[in-house]
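In: With the input below, show me the fold.
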Amino acid sequence: MNKIIFTLLLFVGISLATQAQEKKIVLTLPEVIDIASKQSIDAFRNKNMYLASYWEHRFYKAERLPSLTLSSNPLDFNRYRNKEYNFETNEDEYRLREYINSDVTLSAVQNVSLTGGQVFVRSGLGMVKNLGGDKNTSFNATPISIGFSQELNGYNELKWQSKIEPIKFEKAKKEFIQDVEDLRTKSTIRFFGLINAQIQKGIAEMNYANADTLYKIGKGRFQVGTVTQDELLELELRLLNNQQALNMAILEEKRAQAMLNSFLSLPKETEIECIVPSDIPSLQIDPDMAISEAIKNNPEMLSQEQQKLEQDENVERAKSERGLNTTLFAMYGLNQSADNFDDVYVKPDKSQMFSLGLNIPIVDWGRGKGRYSMAKSNREVALATLEQERIDFEQDIYQSVLEFNLQAGQVFTSAKADTVAKMGYDVTFQRFLIGKIDVIKLNIASNDQETARMAYLSRLRDYWTAYFRLRSLTLFDFENNRPLVVDYNKLLEN
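Out: Numbering: from 1, shown residues only. The predicted structure is shown next:
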């Protein structure tokens, strides 16, 4: 019996230990970025924003293809009294009308991008059956009719769509790649946020342990008279301050852990131990090359091109609305009516329709001219603004490259300073233990060590965020010397 209980307890202990190990994971920066790109809310939003643009582009392309529509009114029953003139009695009178209508029409429509008009082909069949009087039935058929409609005011919306929509979709594709790189930057910031908190906690634990040791040594030396009461009180104060700092560091680590778990969509009880990146790529980026790649790849350039076309479209629309507006409609077809369905398609007659509509503004008090002038002025302002934005964009990239090229040296220098500060603290601590220096110098060495460590982590974070920002601006992989690409077909699989 005791063996069974022991076995069960051992099994439970092993299970709890296994679960605890599963909740704690060790991650590097690339692994955090990989998890974020697969399951974070930002990745989900980026994907669906691209898919929305994809289906919008599909809708645009579908509008340029022929559409086939079947419309029908299978049953339309009417029973009402209508006022009619009776020629026999020379009087108006109300008569009961009661009939059933039924019709079906098949239509094919094709938009004409060259002119902005529409070509259509129709075929229809209708029936009306009187329920009163002689109860006769009549059929009407249009075997085929071909028509064309066109506005002749000079503005062709389809032409402008064919210029703007492909640019919008290409911009959406570039924006998705940029969002992926921005996600790398966010992941880096969250990653180093937790690293900083964990390092701060480690430093606080070490400081508290050292302060506790020094305070115990100080009490012993105070009893033998080698440490003054002022120095002992300073050691006790240092111990209390380090205890408070440790409590705050533990709280800050939990907060940073919760933020990273939320960002990565991990269970809240997951504990992540971050590994500080030890290596950085040795890169020196040419500013002119970075500007050239940004001009080719950055979606901001496509956005500016889109805005220019939209301004030109607004001017063209305003110009077409200020003068003569003409609408042309023409149709040719075959049509026949009969009392019997078998005769409705026999020897159909010709059917033609032609109309020309004119809308001529005679007095509009300058409204058309004002809209046109306003559209031209808005275009000039927009073009000037876009030119200034392009200059600022290039300057931003140039400055970002210069700053990044300095980051590697900064990381190397801060890493060396971190090593030197740690060695200095170790030497100072040992000298304090043998009574060669006082508490003040030990505190200075401790502060220098903490400052150097945090400065190194800060430089490392600045390096990676600056690197991913440059990738986001240029959509270029500087390590492999090639533009960034994405398998868009894979996004459509799920």
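In: tell me which strands and helices the biggest strand by length in the chain is in contact with?
Out: The strand that spans the most residues within the chain, counting by DSSP state E, is strand 91-112. Helices and strands touching strand 91-112, as assessed by 3 or more Cβ pairs under 8 Å, 6 or more residues apart in numbering; DSSP states H and E, comprise strand 67-86, strand 117-130. (C-beta placed from N, C-alpha, C; glycine too.)
In: and the last one, how far out from the chain's middle?
Out: With Cα atoms, centre = their mean, to the nearest Å as the basis, strand 117-130 stands 46 Å off its chain's centre.
In: May I have the strands that pair with it, each with its orientation?
Out: For strand 117-130, the pairing partners within the sheet under DSSP bridges are strand 91-112 (antiparallel), strand 137-151 (antiparallel).
In: How about the first one?
Out: Paired strands of strand 67-86, with direction, are strand 91-112 (antiparallel) (DSSP bridges).
In: Now residue 135: closest residue in space, sequence neighbours ignored.
Out: For residue 135, the nearest residue in space outside its immediate sequence neighbours is residue 129; the separation is 7.5 Å by Cβ to Cβ, 6 or more residues apart in numbering.
In: Would you agree that neighbour is in contact with residue 78?
Out: No: using Cβ atoms under 8 Å, residue 129 and residue 78 do not qualify as a contacting pair, with a distance of 10.9 Å.
In: Comparing these two, which shows the higher neighbour count?
Out: Under the neighbour definition other Cβ atoms under 10 Å, residue 129 and residue 78 were set side by side, and residue 129 has more, 15 against 12.
In: What separation is there between that one and residue 380?
Out: Plainly put, residue 129 is 65 Å away from residue 380 if you go by Cβ to Cβ, to the nearest Å.
In: Also residue 446?
Out: For residue 446, the distance to residue 380 equals 64 Å [Cβ to Cβ].
In: Look at the two and report which has more neighbours.
Out: Set side by side, residue 446 and residue 380 show unequal neighbour counts under other Cβ under 10 Å, the larger going to residue 446 at 21 against 10.
In: residue ranges for the helices of this structure, please.
Out: Secondary structure of the chain, counting by DSSP state H: helices at 2-23, 29-39, 41-63, 157-224, 229-264, 287-297, 299-321, 367-433, 439-474, 488-491.
In: which residues does residue 369 contact?
Out: If you count contacts by Cβ atoms under 8 Å, 6 or more residues apart in numbering, residue 369 has them with residue 322.
In: Quick check: the gap between it and residue 346.
Out: The span separating residue 369 from residue 346 equals 58 Å under the rule Cβ to Cβ.
In: And for the residue lying closest to residue 411 once chain neighbours are set aside, the neighbour number?
Out: Leaving aside its chain neighbours, residue 411 sits nearest to residue 459 (4.8 Å; criterion: Cβ to Cβ, 6+ apart). When counting by other Cβ under 10 Å, one arrives at 21 neighbours for residue 459.
In: Quick check, residue 459 in contact with residue 407.
Out: Yes: under the criterion of Cβ under 8 Å, residue 459 makes contact with residue 407 at 7.2 Å.
In: before we move on, back to that, name the stretch among the helices and strands packed on strand 91-112 that sits most buried.
Out: Mean neighbour count, computed with mean count of other Cβ atoms under 10 Å, is highest for strand 117-130 among those, reaching a mean of 17.
In: ok, now which ones touch residue 186?
Out: When contacts are counted by Cβ under 8 Å, 6+ apart, residue 186 is found next to 36, 42, 263.
In: where's it relative to residue 180, distance?
Out: From residue 186 over to residue 180 the distance is 11 Å, taken as Cβ to Cβ.
In: How about residue 77?
Out: Looking at residue 77 against residue 180, where the rule is Cβ to Cβ, the gap reads 60 Å.
In: Out of the helices and strands packed on strand 91-112, flag the one nearest residue 235.
Out: For these, proximity to residue 235 was assessed by Cβ to Cβ; strand 67-86 is nearest, at 86.5 Å.
In: wait, isn't residue 471 in contact with residue 480?
Out: No: Residue 471 sits out of contact with residue 480 when judged by Cβ under 8 Å, with a separation of 11.2 Å.
In: out of those two, which sits in the busier spot?
Out: Residue environment comparison for residue 471 versus residue 480 gives the larger neighbour count to residue 471, 21 against 8, counting by other Cβ under 10 Å.
In: Excluding sequence neighbours, find me the nearest residue to that one.
Out: Counting by Cβ to Cβ, 6+ apart, residue 471 lies nearest to residue 181, which is 4.8 Å off, once chain neighbours are set aside.
In: Give me the pLDDT for that neighbour.
Out: Residue 181 carries a pLDDT value of 94.
In: show me what contacts it?
Out: Applying Cβ under 8 Å, 6+ apart, we find residue 181 in contact with 468, 469, 471, 472, 475, 484.
In: can you name the two of these that are farthest apart?
Out: Comparing all pairs in those by Cβ to Cβ, the longest separation belongs to 469 and 484, at 13.4 Å.
In: Any regions of the stretch 1-150 of the chain where pLDDT drops low?
Out: The stretch 1-150 of the chain contains residues with pLDDT under 70 at 1-22.
In: Around the closest residue to residue 201 other than its chain neighbours, how many other residues sit close by?
Out: For residue 201, ignoring the flanking residues on the chain, the nearest one in space by Cβ to Cβ, 6+ apart is residue 249 at 4.2 Å. Neighbours of residue 249 under the rule other Cβ under 10 Å: 22.
In: Select, out of the strands paired with strand 117-130, the one closest to residue 236.
Out: The minimum distance between residue 236 and these falls on strand 91-112, with 86.1 Å, by Cβ to Cβ.
In: okay, that closest one in CSV with CA atoms only?
Out: Taking only C-alpha atoms (Å, rounded to 0.1, in the frame of the first residue of the first chain), the coordinates of strand 91-112 have been written out as CSV:
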residue,chain,number,x,y,z
GLU,A,91,-69.0,59.0,-70.0
ASP,A,92,-66.0,58.2,-67.7
GLU,A,93,-66.5,55.1,-65.6
TYR,A,94,-64.4,52.8,-63.4
ARG,A,95,-63.8,49.3,-64.7
LEU,A,96,-62.3,46.3,-63.0
ARG,A,97,-59.0,45.2,-64.4
GLU,A,98,-57.6,41.8,-63.3
TYR,A,99,-54.5,40.2,-64.9
ILE,A,100,-51.2,38.4,-64.3
ASN,A,101,-47.8,39.4,-65.6
SER,A,102,-44.7,37.2,-65.9
ASP,A,103,-41.3,38.0,-67.6
VAL,A,104,-37.7,36.9,-67.7
THR,A,105,-34.6,38.7,-69.2
LEU,A,106,-31.1,37.5,-69.8
SER,A,107,-28.5,40.3,-70.1
ALA,A,108,-24.8,40.5,-70.9
VAL,A,109,-22.9,43.7,-70.2
GLN,A,110,-19.4,44.7,-71.1
ASN,A,111,-17.7,47.9,-69.9
VAL,A,112,-15.6,49.6,-72.6
